[in-house]
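Colleague: With the sequence up front, the predicted model follows.
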Amino acid sequence: MAKLHPQTGPVTVEGKQAASRNATTHGGTSEQLIVPGERREDFDTLLNDLLDEHSPATPQARHLVEDVALARWLLWRKQRAVNAVESSLYTAQPAPESWSAEAWHQLALLDRYKTAAERSLKRALQNLDAHHREIRRAPKEEAQAKLASARAANFLEEQDEAQWEASHSR
């Protein structure tokens, strides 16, 4: 039986990689970590700076720091895309009131991408902050548990002593 929709796209690895970049004009929706115009070394510097700042002690904490680095990286990418499109629009037509509806649509779309990236960064920072608060709270809760245990042991000791005195005073 013949396929209803035979494949018409690329079949080689190189062709698929090239096709995956067909719609990339600004990287605003790219799922790639590094797109043309970016350098892996810059991302690594960002990540290492955040790792130095937060000094994650557990794999979970490290993942949270990595999430922050990725969210910040993608926000920067979205901001560069907005800047590039806006700059080219101003170069082509210095008066924004003369821009086409399509130009305004493109700017609005990029602004939505940027807003989504800002929310993503905010969530990543909130998750990291919550993790830090949890770690700071753990020693306090441990100390409170030890104190409660010591008070319970002291209470039981006093009860035993009171029972012993009551049984020997008869």
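Modeller: That came in fine, so what should we check first? Residues are numbered from 1 along each chain as shown.
Colleague: Buried residues, stretch 33-49. List them.
Modeller: For stretch 33-49, the neighbour count (16 or more other C-beta atoms under 10 Å) marks 35, 38, 43, 46-47 as buried. The way it works is simple: take the backbone N, C-alpha and C, and place the C-beta from them, glycine included.
Colleague: and if you look at stretch 110-122?
Modeller: Applying 16+ other C-beta under 10 Å to stretch 110-122 flags 110, 113-114, 117, 120-121 as buried.
Colleague: which regions of the chain lie under the pLDDT threshold?
Modeller: 1-7, 18-28, 140, 170 (pLDDT under 70).
Colleague: where along it do the helices fall?
Modeller: 13-20, 40-54, 59-92, 101-168 (DSSP state H).
Colleague: Identify, out of the ones you listed, the most deeply packed stretch.
Modeller: Scoring these by mean neighbour count under mean count of other C-beta atoms under 10 Å gives helix 59-92 as the most buried, with a mean of 17.
Colleague: Give me the angle between that helix and helix 40-54.
Modeller: 130 degrees (axes from the mean of the first three to the mean of the last three C-alpha atoms, to 10 degrees).
Colleague: helices and strands around helix 59-92, which ones?
Modeller: Applying 3 or more C-beta pairs under 8 Å, 6 or more residues apart in numbering; DSSP states H and E, one finds that helix 59-92 contacts helix 40-54, helix 101-168.
Colleague: Could you give the separation of that helix from the chain centroid?
Modeller: Centroid separation for helix 59-92 versus its chain: 12 Å, with C-alpha atoms, centre = their mean, to the nearest Å.
Colleague: Equivalent analysis for stretch 160-167, please.
Modeller: With C-alpha atoms, centre = their mean, you get 61 Å for stretch 160-167.
Colleague: With stretch 103-120 instead?
Modeller: Centroid separation for stretch 103-120 versus its chain: 18 Å, with C-alpha atoms, centre = their mean.
Colleague: follow-up on the earlier one: could you dump the buried residues of stretch 110-122 to a markdown table with distance to S100?
Modeller: Below are these laid out as a markdown table (distance: C-beta to C-beta, whole Å):
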| residue | distance to S100 |
| --- | --- |
| L110 | 15 |
| Y113 | 20 |
| K114 | 21 |
| A117 | 26 |
| S120 | 30 |
| L121 | 31 |
